[in-house]
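Asker: just the structure for this:
(chains A and B)
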Protein chains: 2
Amino acid sequence: MSMRIPFDTVKETVKKALINAGLTEEQAETCATIHAQSSADGVESHGLNRVPRFVEYIQKGWINLDGRPELVGAFGAVENYDGHLGIGITNALFASDRAMALAKDHGIGCVGLRNTTHWMRGGTYAWRMAEAGFVGISWINAESCMPMWGSDEKGVGNNPICMAIPREDGEIVLDMAMSQYAYGKLGVYRLAGKQLPYPGGFDKEGRLTTDPGAIEETMRILPAGYWKGSGMAICLDLMAAVMANGNTGIDQDAAVGGSCGGCCQIFIAFNPYLFAAKEEVQAKINRRVAAADASHPEREGGKISCPGERSVATRARSMKEGVVVDEAIWEQVCAIAGGDLGVKDIASF
Amino acid sequence: MSMRIPFDTVKETVKKALINAGLTEEQAETCATIHAQSSADGVESHGLNRVPRFVEYIQKGWINLDGRPELVGAFGAVENYDGHLGIGITNALFASDRAMALAKDHGIGCVGLRNTTHWMRGGTYAWRMAEAGFVGISWINAESCMPMWGSDEKGVGNNPICMAIPREDGEIVLDMAMSQYAYGKLGVYRLAGKQLPYPGGFDKEGRLTTDPGAIEETMRILPAGYWKGSGMAICLDLMAAVMANGNTGIDQDAAVGGSCGGCCQIFIAFNPYLFAAKEEVQAKINRRVAAADASHPEREGGKISCPGERSVATRARSMKEGVVVDEAIWEQVCAIAGGDLGVKDIASF
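Answerer: Just a heads-up that it's a prediction; the model follows:
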């Protein structure tokens, strides 16, 4: 069951919950804004839905509320930070802001953040860079949860990469994990009693299947594009570990600390107005997006769009009519916010 | 029919052919080396097999043999060049070398090359950066040849992205186009009378199919990962056009000039030894690759590998036993090299 709640109510409720979980007022304000925005954009999995798990991670000591990014080294257009297992959102916001500051001075800026925690919705940071007028690229390496192509056991992270292009009529933002479907999506289809639209992994006989429950059982989620998603996942892992001077995915497997505990994140910002006027660049982007969107649909009435365009439309509706929330999750978050539950009781969520 | 020819013979024959086609001795030496290396690594499609088409493009005036990269602008760690429709290989080699020079000074370097031509094997340039000790990332935007997801007409380029990690035991290099199968691969399967291992596009009824001929007929090749490859393709197009200050894919559609005529290419180099010793970084990379390769295979006797490892093995065999060439293509290239054919006759190839 889902319902719509005004954006400000969602944000303020999450903020109260996070203050109850031990965050400072400032930390809670920032994180609540990002969680509420993610839900408003239609990415509920890493918006409101993720709040109870975030609180659980704090409770378990997997997130260090006192951890702040510490400069490990700097050279030219590059900076390297240790996130000290601090809050994933505030660490990543800091790093993307630093990448943009470096890009202002050097045309391009790159920040490698090591030893951080889950950044929630991946697209947040590239989107932030695009909103500020930069081309943004970011990716992470995570613990193993997907088999390498040709293997039947988990061997690599479902590492997302994000790419964002500034556009005044709405940023174009790709936020793409390496598996065809996230585990969260499999659960959604299973609970709805539906088959996946396309094969999403292997069943216990090793056959490709559209049955979400069969894939959850084997944990053999399918890399997007078969060997392609698998190959890209391992390269993103290696590049993140090398560029952020931190853990690989298997180093994270060996540690304890939940999803993305101790992971590396890379933030690259590029100033697109170095050699051409902003109007010219924006006109080119708009022309290209318009042509893509005008592609002939395979089904009558179909609508082609570029990554991010639907999120912008969903956001507009959420701000007007309220943010879609799952009723059960909303109750959980309200309970944490209500103050009736102390931090010690939260682990039961 | 294929056979093996010594590497040096392949290279010298291609060199002679290219000199006959109008390249200088230096241009021909460079391009012949890259074409021969591509075939030696098992990427025949963009190695020897591509030589006749390269010569045809020169003949048609689509490649300007006098075109050299010209600096359009420079700012910090970023440079922008106009390729003046020069030779794709020499332009791209120049740009990747400049990206590395910038990375030496700034930690990261980014070169945007506009108005260039087909770079042949995409992996060449990221591989070059990794061989020189840099993390390398490169991508291009090409003319439309793949439908956007949900469309039944071509709307975006099959834009490849390459990622390379330096490794003394063999570089890890991803060279990945956005479609599940290249058009060249469809032809190979069709000629062999085989079905594709996985669906590679749509037939004229709009159904996903493994029949290569049916896909060639509709030109509806499938983006890798369905909506994922489509979304990434349009983002790579936009980022390339913006960062290289040049044509989008649709700008290329409007021009004449063969595959990738007037395209943009991006070259990013990153120094992985800024904040950690080389030995430490190399040990981490080796540990991660070894763990991936040790993944349990789904089929008995199966072998999991990281991108680039098979190329290195193929290269070693090619250098020892000779480079695999298609007999008919070899005869074509020998004929061009023989000097009996003038440039004016080459268009018939």
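Asker: hey, let's count contacts and neighbours off CA atoms from now on
Answerer: Will do.
Asker: quick one, strands of chain A?
Answerer: A:2-5, A:70-75, A:78-82, A:108-116, A:135-141, A:146-147, A:154-156, A:161-165, A:172-176, A:201-202, A:208-209, A:263-270, A:323-326 (DSSP state E).
Asker: all helices of the stretch 51-200 of chain A, in order?
Answerer: A:51-59, A:88-106, A:123-131, A:183-191 (DSSP state H, counting those that start in this stretch).
Asker: now tabulate these in a markdown table and tack on distance to B:Gly302.
Answerer: Below are the helices of the stretch 51-200 of chain A laid out as a markdown table (distance: least, CA to CA, whole Å):
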| stretch | distance to B:Gly302 |
| --- | --- |
| helix A:51-59 | 38 |
| helix A:88-106 | 38 |
| helix A:123-131 | 36 |
| helix A:183-191 | 26 |
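Asker: of all those, which one comes closest to A:Gln27?
Answerer: Evaluated over those, closeness to A:Gln27 peaks at helix A:88-106, with 7.3 Å, by CA to CA.
Asker: buried residues in the closest one?
Answerer: For helix A:88-106, a neighbour-count test (16 or more other CA atoms under 10 Å in any protein chain shown) marks A:88-104, A:106 as buried.
Asker: pull the CA atoms of it into CSV?
Answerer: Presented in CSV, the C-alpha positions along helix A:88-106 are these (Å, rounded to 0.1, in the frame of the first residue of the first chain):
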residue,chain,number,x,y,z
GLY,A,88,27.9,8.0,3.3
ILE,A,89,25.7,11.0,2.2
THR,A,90,27.7,13.8,3.9
ASN,A,91,31.0,12.2,2.9
ALA,A,92,29.9,12.0,-0.7
LEU,A,93,28.4,15.5,-0.8
PHE,A,94,31.7,16.8,0.5
ALA,A,95,33.7,14.9,-2.1
SER,A,96,31.5,16.0,-5.0
ASP,A,97,31.8,19.6,-3.9
ARG,A,98,35.6,19.3,-3.7
ALA,A,99,35.7,17.8,-7.2
MET,A,100,33.8,20.8,-8.5
ALA,A,101,36.1,23.2,-6.7
LEU,A,102,39.1,21.4,-8.3
ALA,A,103,37.3,21.6,-11.7
LYS,A,104,37.0,25.4,-11.3
ASP,A,105,40.7,25.7,-10.9
HIS,A,106,41.9,23.0,-13.3
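Asker: any idea how far that helix is from the chain center?
Answerer: 16 Å (CA atoms, centre = their mean, to the nearest Å).
Asker: how about stretch A:211-221?
Answerer: That offset, for stretch A:211-221, works out to 22 Å (CA atoms, centre = their mean).
Asker: so what touches it?
Answerer: With contact meaning CA atoms under 8 Å, 6 or more residues apart in numbering or on different chains, stretch A:211-221 is reached by A:145-147, A:152-154, A:179-181, A:183, A:186-187, A:189-190, A:194-196, A:199-204, A:209.
Asker: burial measure for the closest residue to A:Asn247 other than its chain neighbours, as a count.
Answerer: Nearest-residue entry for A:Asn247: A:Ala241, 5.4 Å, with adjacent residues in sequence omitted and distances by CA to CA, 6 or more residues apart in numbering or on different chains. By other CA atoms under 10 Å in any protein chain shown, 29 other residues sit near A:Ala241.
Asker: and if you look at A:Asp326?
Answerer: Residues near A:Asp326, counting by other CA under 10 Å, number 15.
Asker: who's in contact with the closest residue to it other than its chain neighbours?
Answerer: In space, and not counting its chain neighbours, A:Asp326 is closest to A:Ser2: 4.3 Å by CA to CA, 6+ apart. Contact analysis of A:Ser2 by CA under 8 Å, 6+ apart lists A:324-327.
Asker: just those residues now: which is nearest chain B?
Answerer: The nearest member of the contacts of A:Ser2 to chain B, counting by CA to the nearest CA, is A:Val324 at 24.0 Å.
Asker: the closest one pairs with what?
Answerer: Beta-bridge pairing for A:Val324 (DSSP bridges): A:Arg4.
Asker: thinking again about what came up before, would TSV of the strands of chain A with distance to B:Arg220 and mean pLDDT be doable?
Answerer: Shown next, in TSV, are these (distance: least, CA to CA, whole Å; pLDDT from 0 to 100):
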stretch	distance to B:Arg220	mean pLDDT
strand A:2-5	38	96
strand A:70-75	46	98
strand A:78-82	42	98
strand A:108-116	37	98
strand A:135-141	29	98
strand A:146-147	29	98
strand A:154-156	31	97
strand A:161-165	25	98
strand A:172-176	22	98
strand A:201-202	24	98
strand A:208-209	23	98
strand A:263-270	33	98
strand A:323-326	36	96
